[in-house]
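Engineer: this one's structure only:
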């Protein structure tokens, strides 16, 4: 597996179809991006995240270039922590260890290239599969806020997870 910068003209048309169910979409992006994903809205959110937080979008590919996953990464120079956002895996690779491999590469990039002391991310505890994937990579729960997000008649918490440089 390899990581490379996201290339909108090359990657968007495939990534937009990875999440087809509204609740899963809300768990992925906390409804910061409209459902279903539309190009202009996706580009707007990516641009705003870049401007506000320095986020850069990346994709994980197989060695022959097939898209496996997507995420955004930024570095907070004040805390010397990296942050992962919008993590998602191509549905045909879910549940097979590819998400874990992508996250391990992202964490390695964060530690070796951006020289951060830790990487964190937020996940809804109700997103059980994602949380277990993060834990399998080595992320641990740092803080959980209850009732941080409302989805229809549900109330979800927000769990901040962290992995520190060893």
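Structural biologist: Right, received. Where do you want to start? Note that this is a predicted model, so its numbers are computed, not measured.

Engineer: could you pull out the strands for this protein?
Structural biologist: 2-5, 56-61, 67-76, 81-89, 118-123, 140-151, 154-164 (DSSP state E).

Engineer: pull the distance from the first one to the chain's centre.
Structural biologist: Taking the mean C-alpha point of strand 2-5 and that of its whole chain, the gap between them comes to 14 Å (CA atoms, centre = their mean, to the nearest Å).

Engineer: list the buried ones in that strand?
Structural biologist: residue 3 (16 or more other CB atoms under 10 Å). All C-beta atoms are positioned from the backbone trio N, CA, C, and that covers glycine.

Engineer: for it, which strands pair with it and how are they oriented?
Structural biologist: The strands beside strand 2-5 in its sheet (DSSP bridges) come out as strand 56-61 (antiparallel).

Engineer: could you do the fourth one as well?
Structural biologist: When pairing is defined by DSSP bridges, strand 81-89 lines up against strand 67-76 (antiparallel), strand 118-123 (parallel).

Engineer: try the last one
Structural biologist: Pairing partners of strand 154-164, with direction, according to DSSP bridges: strand 118-123 (antiparallel), strand 140-151 (antiparallel).

Engineer: export those strands as a markdown table, with columns for distance to residue 15.
Structural biologist: Conversion of the strands paired with strand 154-164 to a markdown table gives the following (distance: least, CB to CB, whole Å):
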| stretch | distance to residue 15 |
| --- | --- |
| strand 118-123 | 18 |
| strand 140-151 | 22 |
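
Engineer: deepest-packed of these, please.
Structural biologist: strand 118-123 (a mean of 22; mean count of other CB atoms under 10 Å).

Engineer: and that strand, how far from the chain's centre?
Structural biologist: Using CA atoms, centre = their mean, the offset of strand 118-123 from its chain centre is 9 Å.

Engineer: need the residues that contact that strand.
Structural biologist: Strand 118-123 is contacted from outside by 80-85, 87, 106-107, 110-111, 130-131, 134, 139, 142, 158-165, using CB atoms under 8 Å, 6 or more residues apart in numbering.

Engineer: next, residue 63: phi, psi?
Structural biologist: Per-residue torsions, residue 63: phi -60, psi -20 (degrees, to the nearest 10).

Engineer: got the contact list for it?
Structural biologist: By CB under 8 Å, 6+ apart, residue 63 lies in contact with 1, 2.

Engineer: pLDDT score for it?
Structural biologist: For residue 63, the pLDDT comes out at 95.

Engineer: repeat that for the one 5 residues further on.
Structural biologist: Per-residue confidence (pLDDT) for residue 68: 98.

Engineer: for residue 91, same thing?
Structural biologist: At residue 91, pLDDT is 97.
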